[in-house]
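> have a look at this prediction, sequence included:
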Amino acid sequence: MINGILFRQRTGIPWRDLPTRFGKWKTCHDRHRRWSADGTWENVLRAVQTDADAEERIDWSMVGIDSTTCRAHQHAAGARRRPPRIPRKRVLPAQHRPDEALGRSRGGLTTKTHLAGDGGCRPLAVLITPGQWGDAPQLIPVLERVRVRRPGGGHPRTRPDHLSGDKAYSSRPNRRYLRRRRIKHTIPEPRNQRASRQHRGSRGGRPTGFDKSLHKRRNEVERTINALKGFRAVATRFDKRAYIFHGTVTVAAIRPWLRS
């Protein structure tokens with residue numbers, strides 16, 4: 001059954017077209033839907049991250065944050081307006097979104113995936129939003145999802161040593177949040193923000209520090225995104241519900257941790 005789920009993630013074929021060697025397609029689909037709703041895939045991701053952190057295989061020295069936009073297939077539209085429910089538990093899924101993470105643009109329906117990845121090109125946290133949403137407002141929600149539990153107990157690790165991002169994440173609230181949490185960051189400042197700061201004079205604050213050599217490591221999070229989009233079910237959204245697509249992306253995020 002799990003091989004059937006992974007096969008569908010990799011190929012992006014409709015559930016009904018799963019080969020018979022994986023069993024009934026509805027069994028694979030229902031199990032993936034339930035595990036996406038109750039957070040089972042999230043628990044598996046945190047479990048493999050905990051094992052990796054216990055073996056000191058997580059590169060906390062540089063964590064990158066970035067986003068990618070994927071087209072939504074026509075089958076991903078048309079979800080019912082009423083909140084989805086799980087037949088057994090009768091509660092809302094953990095990752096349910098009223099907007100179903102679908103945004104309209106000139107190219108059609110799109111969904112944006114925001115993620116934070118460590119220096120080893122492995123995802124630490126995943127968040128999906130409509131495609132037209134900006135990147136800067138999602139920096140804090142993504143970092144709040146980074147929670148690597150410790151095997152011996154205690155508070156999970158949530159703070160990287162250094163954070164890298166592109167110009168889209170440059171904003172005063174984001175820099176204030178990173179300074180409050182004592183997270184060093186390398187985020188370039190756009191020209192308009194630099195001109196606005198200089199125009200304000202002493203009230204504009206100090207110039208932001210920027211290290212070009214550290215900023216070169218931003219390719220690590222881009223390589224992480226390329227690895228995730230190697231799964232056709234992630235590169236193109238076929239799922240109607242946002243929580244199911246979130247589970248699809250989470251399953252793809254588990255694979256790099258298992259391979260490492």
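Arrived safely.
> which parts of this protein are helices?
Secondary structure of the chain by DSSP state H: the helices cover 2-11, 25-37, 40-54, 139-144, 172-180, 191-200, 212-215, 219-228, 232-235, 242-259.
> tell me who's in contact with residue 104.
Contact analysis of residue 104 by Cβ atoms under 8 Å, 6 or more residues apart in numbering lists 110, 132. No exception for glycine: its C-beta is placed from N, CA and C like everyone else's.
> how near is it to residue 141?
22 Å (Cβ to Cβ, to the nearest Å).
> just residue 225 next, same as before
18 Å.
> between the two, point out the one with more neighbours.
residue 225 (19 against 12; other Cβ atoms under 10 Å).
> wouldn't that one be in contact with residue 65 here?
No - counting by Cβ atoms under 8 Å, residue 225 sits too far from residue 65 to count as a contact (10.8 Å).
> what sits in contact with each of the two?
If you check residue 225 and residue 65 against Cβ under 8 Å, 6+ apart, the residues they both contact are 115, 117.
> which residue packs closest to residue 28, ignoring adjacent ones?
Closest residue to residue 28 apart from its sequence neighbours, by Cβ to Cβ, 6 or more residues apart in numbering: residue 4 at 4.1 Å.
> could you pull out the buried residues of stretch 104-119?
Using 16 or more other Cβ atoms under 10 Å as the test for burial, stretch 104-119 gives 109, 110, 111, 112, 113, 114, 115, 116, 117, 118, 119.
> now, which of those lie within strands?
Using DSSP state E, the members of those that fall in strands are 109, 110, 111, 112, 113, 114, 115, 116, 117.
> would you turn the residues you listed into a markdown table with pLDDT and distance to residue 189?
Formatted as a markdown table, those follow (pLDDT from 0 to 100; distance: Cβ to Cβ, whole Å):
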| residue | pLDDT | distance to residue 189 |
| --- | --- | --- |
| 109 | 92 | 33 |
| 110 | 94 | 28 |
| 111 | 95 | 29 |
| 112 | 96 | 23 |
| 113 | 96 | 25 |
| 114 | 97 | 21 |
| 115 | 95 | 23 |
| 116 | 96 | 21 |
| 117 | 95 | 23 |
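> nearest to residue 249 among these?
Minimum distance to residue 249 across these is 5.9 Å, recorded for residue 113 (Cβ to Cβ).
> pretty sure the closest one contacts residue 68?
Yes - using Cβ under 8 Å, residue 113 makes contact with residue 68 at a distance of 5.4 Å.
> mutual contacts of these two, please.
With Cβ under 8 Å, 6+ apart, residue 113 and residue 68 have common neighbours 225, 228.
> got any ranges where the chain has weak pLDDT?
81-91, 204-207 (pLDDT under 70).
> compute the number of surrounding residues for the residue nearest to residue 36 when sequence neighbours are not counted.
Closest residue to residue 36 apart from its sequence neighbours, by Cβ to Cβ, 6+ apart: residue 247 at 2.6 Å. Counted with other Cβ under 10 Å, residues neighbouring residue 247 total 28.
> do the same with residue 79
Based on other Cβ under 10 Å, the number of other residues close to residue 79 is 14.
> residue contacts, it?
So residue 79 contacts 100, 240, 241 (Cβ under 8 Å, 6+ apart).
> what do you get for residue 170?
Contacts of residue 170 (Cβ under 8 Å, 6+ apart): 136, 187, 188, 189, 190, 193, 208.
> pull the residues that contact stretch 171-185.
136, 139-140, 159-165, 187, 193, 208.
> that older thread, just name the most buried of the helices of the chain.
helix 242-259 (a mean of 22; mean count of other Cβ atoms under 10 Å).
> could you list every helix and strand that that one packs against?
Applying 3 or more Cβ pairs under 8 Å, 6 or more residues apart in numbering; DSSP states H and E, we find helix 242-259 packed against helix 2-11, helix 25-37, helix 40-54, strand 108-117, strand 123-130, helix 219-228, helix 232-235.
> dump the ones you listed to a markdown table, plus distance to residue 74.
Formatted as a markdown table, the helices and strands packed on helix 242-259 follow (distance: least, Cβ to Cβ, whole Å):
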| stretch | distance to residue 74 |
| --- | --- |
| helix 2-11 | 18 |
| helix 25-37 | 19 |
| helix 40-54 | 26 |
| strand 108-117 | 8 |
| strand 123-130 | 17 |
| helix 219-228 | 22 |
| helix 232-235 | 15 |
